[in-house]
Each structure stands twice: as structure tokens, then as C-alpha cells.
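[1] sequence first, then the predicted structure, then my questions.
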2 protein chains.
Amino acid sequence: MSSYSPIGPVVGIVGAGQLARMSQPPAIALGVELRVLANAPDESAARVIVDTRLGDYRDLADLREFAQGCDVITFDHEHVPTEHIRALAAAGHVVRPGADALVHAQDKAAMRERLSGIGVPCPAWARVSSPADVERFAAEHGWPVVLKAVRGGYDGRGVWVCRSAEEAAQATAGPFAAGLEMLAEAFVPFERELAVLVARSPHGQGVSYPVVETVQQDGICVEVLAPAPRLDPEVAAQAQRIGLKIAEELGVTGLLAVELFETAGGLVVNELAMRPHNSGHWTIEGSTTSQFEQHLRAVLDLPLGTPKMTAQVVVMANLLGGDDPDLFKRYEHVLAHDPGIKLHFYGKQVRPGRKIGHVTALGSNLDEVRARARHAAVYLTTGEYT
Amino acid sequence: MSSYSPIGPVVGIVGAGQLARMSQPPAIALGVELRVLANAPDESAARVIVDTRLGDYRDLADLREFAQGCDVITFDHEHVPTEHIRALAAAGHVVRPGADALVHAQDKAAMRERLSGIGVPCPAWARVSSPADVERFAAEHGWPVVLKAVRGGYDGRGVWVCRSAEEAAQATAGPFAAGLEMLAEAFVPFERELAVLVARSPHGQGVSYPVVETVQQDGICVEVLAPAPRLDPEVAAQAQRIGLKIAEELGVTGLLAVELFETAGGLVVNELAMRPHNSGHWTIEGSTTSQFEQHLRAVLDLPLGTPKMTAQVVVMANLLGGDDPDLFKRYEHVLAHDPGIKLHFYGKQVRPGRKIGHVTALGSNLDEVRARARHAAVYLTTGEYT
């Protein structure tokens, strides 16, 4: 006799990183069954989700087997080949977001083409396939030129900011030799980076979270400030309109994160992601509906939850791996120092510079909340008392 | 090559009901590894915790095997035989709460004896082993008399409110024939039922959550109002002092829930539980530190989190199984009706009257918040629109 009545649907997540892991708490609450496709049984999400299947997300046969019995399939990352996603949909599986939307988070040239087409502000851009193409682009738009791999990256990198033809030639030598498609973009002299997270469900409901500021160091997001401090309400509303417009025009189902540059001339779109995003981790405690719950609701075509904040100010700080892998021994100090700090560990091997967790602080005074988040993040990763 | 570095300790939970299930979200966040001892692989917590071991909590050999490799052992329920808990501790396992504390949540006579001894207000009580004992007790304290099984229950019941010697004789016939120890308590003419939840860690730190009102129907908790409305602040402080005192005097490690009667003559203790408790489910969204996170922190001897509320008013309503097991089809209405309502399903087979989940609403106006929680609970379980 079974003590279980399967009241909830099965959501299959391709990939078993921290985004899938952090989807498990709202799935537990909603009674939704998660299944993940992992590379190894000790990956971040595989450690906390019972129905873990091992396989290769680049292998269509593995994907087909994984999809059997899932009510909907979604993603932890954007690296599943677009043609495989189309094949799953053709076989009758429900995949959200669908390939026609997701391709804009996989292919930066397709994204630029489409966003320019619907009037969303982008930097000047061009496909380039040789150093001569890059120099022609620079002649028109000036240096520095930002070079990007159209899909994925090369040797662990996907973006190069080049100040001269020499730098560009050096950066692109490997990628061009490997036959990679590249994109050139005009460097945007931005004041700061913002992000807006929206959700859209198949039946067309959309919601937008408050616009946040993302603070980067060496190209890695280290802090997210919610809401973005001192942001002109009109600019905030414009960012939200851009997010909702992109979601609608591209037919996104699930979450859409839009990374933006704030410039003297207005907002410019930098990147898109169609999944829970680092810039939305603050919503776990900082919003009535976390981004992880929202994504599940959206891909299941359930009504979306309110994105309302639970505090006036929320700061999320990433934990970047240091030299010492034993973070647990440092819990005691940070939890005693700040009884309101919220810790999130991803169960990943600690490697220098790797995102291994995050901390969140809530309150009403930005400087104070930011100092609390920083103190915890610095102490947990380095043992240094700031 | 493993991609995992085991930064967190292993917490073993004996029992795999909804309390263990709801412990998984904070364990995921803290990077704590949960292991559960389940009766069957499809129990509530077994469905969401990878390291599920099957076994019988009444069997010492099963408990010993389960305990191997756990850094600390704690409980989803109080039915593990006290002598088995002592045996585990004697074998060097860390068990929290320990047997000397937990026995007061297992044995109602031991609890009354101890609480009376430390001056905590209790109803008049006596051990009874025959109808004549009950009549003697009634002669002194009057009818009705509340009869309770000292440990566990009989035929699914553990409490009988008897208005006469005849009713008492009928209620106790089975238990006395089965040789069960029984307790007689004077009926307390209470105004309402309150509960206070406290946590205590092995190094002696204690915190108390705000006192709540628990609303019962037919002896089952249907609603929890946090904080207890219109409660005299002095009475609230007294309830918290009672909770902290019991935790300290009994050497509780982990959570302690104290159920109280509010009477014209003051507070009277009804029952104790030493684990997360139904009266504390509101803390998942309603407090900065949920009771489930707090219990993990306490049994791991980590500093406790703030019990501060995240809203002025929080109402939790239990979902009691109705005739229709398919609750999921009713999500759409409740989520669309109230974008701020929070749903919790336990993945348990739906049976009439069984607690299969709960809903939580947060806000600032009690009547409004209560109506929202009720609407969702009634609709989800019956399909009726209130």
C-alpha cells in the first residue's frame, strides 16, 4: 500500500548545478516532483534531488530517455544544443522555454539581431570572422571593441575587451583558428550594471521583479543590491518594460534575466538568460515569491506569484572559493555575529574564484545591509574579519 | 574526480514525515546533509531526501545502522523507545534532544511530575490504573476528567474528555485491559489555546518565537495565528519564560514546543513536543529563521537565528484531506486569487481528516490575512469557494 498520492507534476531540469539545487525547496513546498539530468551523482543538485538521472545533455538519446515521464522540461543552463530541444518538442515533450525563445540566450548574434529588430537598445554590433572584420568594425565604432563567442566560449572564456588591433588579433587567434563564430560589439561606457528579472507563463501572464544593481569584480558578479539604489523611477520602469517586452516578443516561458548597462544615454541590453539567474538569488528571502518558485510556476503554466519585496533593502553577496575548502568551520562566527544573515551553500567543490554559495542580508539601510552581507561573505571565504 | 567537498555535517532524522521533509529546504541552504530513517520509500520526506534508509525506529539494530556516519541524530516524532536512545548515546552517538530531555515529550506522567517539580503551572493530575482511581480523582477535582495514555495511545486515540464515571469507565476499559498506563488531569476551563516555540542549543543559547494562538476543531489544530491576537504582553512574556525555563531545566537541545491553555487564572501547560511543531509552520515564511532551520542550527550547536517576524500578522491554516485526492488541479484558482499565498504540500496520500499540507498568508490586518488563509485552505481541500 502506497502512502503517496502523486498530486504534483514532474518537472525535469536538464543540468544539476546550483540553480537546479535551489529549485528543490519551492518544489518541495508545492509538491512538484523534480528530476535532474546530471553529469555525476555528486553534482550540486544531484545531492538533494532523489530522481537524479545520469547522462550527457549534448546527447539526444540521453535527453530523450530523461524526458520520458516529465510533464515539462526546463534548464539549469543554456548549453543544450538547440536542435536537440527541437527534437524533444517534435516528439511531443513540453519544453519551456522552447527552442525558438531559448536560442536568443544561446546565440548572441541571434539575440542582437532580434533585439535590434524589435527596437530594444543594444550596442552597435557585427558578426566578425577575421581580424580584418574586427578592424573594420573598430574603424567605424572605435576602440575598445568587445569580442564575444557567439555560442559558448573558447578555453573557458567567452568575452574579450580589446583596446587595439593587436589585442584583438591575439584574443581572436584561437577562436578564429577553431572556426568559432564571433561577435564584435562597441564598448559601452556605462555608469553601472543593472539587471531586471521577469517571468512569463505560457498563457501570457508576466511579472517583473524590482530592478537591481549588479556589482562586478574582474568580470564576476560579487554583489547584487535590490532595489538598485538611487535609480530614477522612470529608468526602472523602462527596464521592466524592456524585460517584459523581450519576454513577450521572444515567447519566453519561465524566467528571463536581462543584464543592462546604465549609461548617460539610457539603458543598453548586455546579455539575456532564460532561467533563474545569479542576479535573482536575493529573491529567496527578499521576495514573497522566489525566482526559483516563480520559474516552476511559469513553466507549469500556473498563475505567477507576487514579486513584492519582503524588506526595503536586500543585498546578496556571492561566495567565491578561496584557498581553504572547509567553510563549515566558519559558520559559527558569521551566525553568531549576525543572527539575521542567511547562508546558501551549493555543495560544490571549493576552487579559487568559483561561485560556491551566497549570503543574503535584509534590512532598511543600504550601507548597513551591504556591510553585513560583505562581512559574512569575506569571512566565510577567507577567514578575514572586515 | 569528485566535484564535491563535504563541507557540512550529516544530520540523521529518525522518521520521514512532513517535519523531516520541511527540514530539507534549510538543510539545502546550509549545506547540511540530511539522512532519514523511513518506513517506506514513498514517505513524505523520503521523496525529497536522497540519503533515505529504510528501517524500523522501534528496532535498535536498525537505529544503530542508521546512526553510523551521522554527526548528530534527531527526530521527526517522539515514538523512538527511550531505552534505544540511551543505547545510541552509550555507543557514542550524539543524539539531540537526549533521552533525559525527550522522555518528557514521550511520557506524560514524567512530564507532569517534572514540570510540577520546577513550578511550571499544570492542571491537577494523577496516575490512574483503575476506574476506581479515576472516580477518586474526580471526587477531588470534579468532572469532567481528562484521561490520557501516558505513552502513545490506544486504538489511534490518546486523550478522552469524560464527563461522568460511566464515560470514564467506557473510555478506559480498553486501555486498562491492555495494561496501558493512564493519567487523569483536571479539565481546564480555558479561554483559548496558545503555543510557544523555543530553541535551545547544547552550549546553552536560547531563543523564543512570538507566542501564537492555535485554533482547534474536533481536537485537531486547524489554524495558527501569529502573534496571538490581543494577548497581554505580560502574559506573552510569561509564556516565553515558561518555554525557556522548561528547555533549560530539562536540558532540551533543539526545538521545544509548549502548548498552553490561557485561563482566567493564568497560563497552564497542556503538552510538550521536542521537534518542529505544527504551531511553528508559520515561521517558514513568517520569521527570518524558520523553525526547521532553527532546529538544525540548535542540534548542530550552531548559533541560533533571530526569531523575528517578517510581517505584522501571519496565519497558517492546515490542509485536512477531503474526499478528492487531486489537490493539484485546484492550485490554479488559489494562486490566481491570491498571488501572495504560500502553499505547502507534504506528498502524503490524501485521507479524510489527515494533515496533508498547509497554507500561509502574511500581512498587516488579522481579519484579512485570516480570510486569505482560510479561503485557500477550504478551496484546496473541498473545492468550495468561501
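    It's in.
[2] just the helices in chain A please.
    Under the criterion DSSP state H, chain A contains helices at A:18-30, A:60-67, A:82-90, A:99-106, A:108-117, A:131-141, A:165-177, A:233-250, A:283-286, A:291-299, A:331-337, A:366-382.
[3] and the fifth one, how far out from the chain middle?
    Per CA atoms, centre = their mean, to the nearest Å, the displacement of helix A:108-117 from the mean C-alpha position of its chain is 19 Å.
[4] against which helices or strands is that helix packed?
    Here helix A:108-117 touches helix A:99-106, strand A:125-128, strand A:182-186, helix A:233-250, strand A:266-273, going by 3 or more CB pairs under 8 Å, 6 or more residues apart in numbering or on different chains; DSSP states H and E. Where you see a C-beta, it was placed from the backbone N, CA and C, and this is true even at glycine.
[5] circling back: make JSON lines from the helices of chain A and add mean neighbour count and mean pLDDT to it.
    Formatted as JSON lines, these follow (neighbours: other CB atoms under 10 Å in any protein chain shown; pLDDT from 0 to 100):
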{"stretch": "helix A:18-30", "mean neighbour count": "25", "mean pLDDT": "98"}
{"stretch": "helix A:60-67", "mean neighbour count": "18", "mean pLDDT": "98"}
{"stretch": "helix A:82-90", "mean neighbour count": "17", "mean pLDDT": "98"}
{"stretch": "helix A:99-106", "mean neighbour count": "21", "mean pLDDT": "98"}
{"stretch": "helix A:108-117", "mean neighbour count": "18", "mean pLDDT": "97"}
{"stretch": "helix A:131-141", "mean neighbour count": "16", "mean pLDDT": "96"}
{"stretch": "helix A:165-177", "mean neighbour count": "16", "mean pLDDT": "93"}
{"stretch": "helix A:233-250", "mean neighbour count": "19", "mean pLDDT": "98"}
{"stretch": "helix A:283-286", "mean neighbour count": "25", "mean pLDDT": "98"}
{"stretch": "helix A:291-299", "mean neighbour count": "27", "mean pLDDT": "98"}
{"stretch": "helix A:331-337", "mean neighbour count": "17", "mean pLDDT": "95"}
{"stretch": "helix A:366-382", "mean neighbour count": "20", "mean pLDDT": "96"}
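[6] which residues touch stretch A:174-183?
    A:108-109, A:112, A:125-131, A:147-151, A:154-155, A:172 (CB atoms under 8 Å, 6 or more residues apart in numbering or on different chains).
[7] mind checking which of the helices and strands packed on helix A:108-117 is nearest B:Y379?
    helix A:233-250 (29.6 Å; CB to CB).
[8] with just CA atoms, put that closest one into CSV.
    In CSV, the C-alpha atoms belonging to helix A:233-250 read as follows (Å, rounded to 0.1, in the frame of the first residue of the first chain):
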residue,chain,number,x,y,z
PRO,A,233,11.9,55.5,-11.2
GLU,A,234,11.3,56.3,-14.9
VAL,A,235,14.5,54.4,-15.8
ALA,A,236,13.4,51.5,-13.5
ALA,A,237,10.1,51.3,-15.2
GLN,A,238,11.8,51.4,-18.6
ALA,A,239,14.0,48.5,-17.6
GLN,A,240,10.9,46.5,-16.5
ARG,A,241,9.2,47.3,-19.8
ILE,A,242,12.2,46.2,-21.7
GLY,A,243,12.2,42.9,-19.8
LEU,A,244,8.5,42.2,-20.3
LYS,A,245,8.7,43.2,-24.0
ILE,A,246,11.6,40.9,-24.7
ALA,A,247,9.8,38.0,-22.9
GLU,A,248,6.6,38.7,-24.9
GLU,A,249,8.2,39.2,-28.3
LEU,A,250,10.5,36.2,-28.0
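[9] just want the angle from that helix to helix A:99-106.
    Here helix A:233-250 points in a direction 130 degrees away from that of helix A:99-106 (axes from the mean of the first three to the mean of the last three CA atoms, to 10 degrees).
[10] which outside residues touch helix A:233-250?
    Helix A:233-250 is contacted by residues A:100-101, A:104, A:114-115, A:118, A:120-121, A:194, A:196-200, A:204, A:206, A:208, A:210-211, A:227-228, A:252, A:256, A:258, A:260, A:262, A:266-267, A:269, A:272 when judged by CB under 8 Å, 6+ apart.
[11] point me to the residue of the stretch 1-150 of chain A nearest chain B.
    Taking CB to the nearest CB, chain B has its nearest neighbour within the stretch 1-150 of chain A at A:G31, 3.1 Å off.
[12] hang on, isn't that residue packed against B:F345?
    Yes: the criterion here is CB atoms under 8 Å, and A:G31 meets it with B:F345 at 3.1 Å.
[13] would you map out the domains in chain A?
    A:10-95, A:124-186, A:192-382 (automatic domain parsing).
[14] residues in contact with A:S208?
    The contact partners of A:S208, taken as CB under 8 Å, 6+ apart, are A:V196, A:L197, A:V198, A:Q240, A:G243, A:L244, A:P307.
[15] would you list the phi and psi of the nearest residue to A:V72 once chain neighbours are set aside?
    Nearest residue to A:V72, sequence neighbours excluded (CB to CB, 6 or more residues apart in numbering or on different chains): A:V94, at 4.6 Å. With angles defined as degrees, to the nearest 10, A:V94 sits at phi -90, psi 120.
[16] what's across from the residue in the stretch 201-350 of chain A positioned nearest to chain B in the sheet?
    Nearest residue of the stretch 201-350 of chain A to chain B, counting by CB to the nearest CB: A:F345, 3.1 Å away. Assessed by DSSP bridges, A:F345 has beta-bridge partners A:G357.
[17] B:E33 is in contact with that one, correct?
    No: at 10.9 Å, A:F345 does not count as touching B:E33 under the criterion of CB under 8 Å.
[18] shared neighbours of these two, anything?
    With CB under 8 Å, 6+ apart as the test, A:F345 and B:E33 both reach B:G8.
[19] circling back: need the contact list for the residue nearest to A:V72.
    A:V94 makes contact with A:C70, A:D71, A:V72, A:I73, according to CB under 8 Å, 6+ apart.
[20] measure it to A:L88 for me?
    For A:V94, the distance to A:L88 equals 9 Å [CB to CB, to the nearest Å].
[21] again with A:F190
    From A:F190 to A:L88 the distance is 38 Å (CB to CB).
[22] how about the residues of the stretch 151-300 of chain A near chain B?
    Residues of the stretch 151-300 of chain A lying close to chain B (CB under 8 Å from any CB of the partner chain) are A:I284, A:E285, A:T288, A:T289, A:R297.
[23] which of these sit farthest apart?
    Among those, A:E285 and A:R297 lie farthest apart (CB to CB), at 18.0 Å.
[24] let's check: the centremost residue of chain A is which one?
    A:H277 (2.8 Å; CA atoms, centre = their mean).
[25] isn't that residue right next to A:L197, touching?
    Yes: with contact defined as CB under 8 Å, A:H277 reaches A:L197; the gap is 6.3 Å.
[26] tell me, what's touching the two both at once?
    Shared contacts of A:H277 and A:L197 (CB under 8 Å, 6+ apart): A:L255, A:A257, A:Q291.
[27] I'm done for today, thanks for sticking with me.
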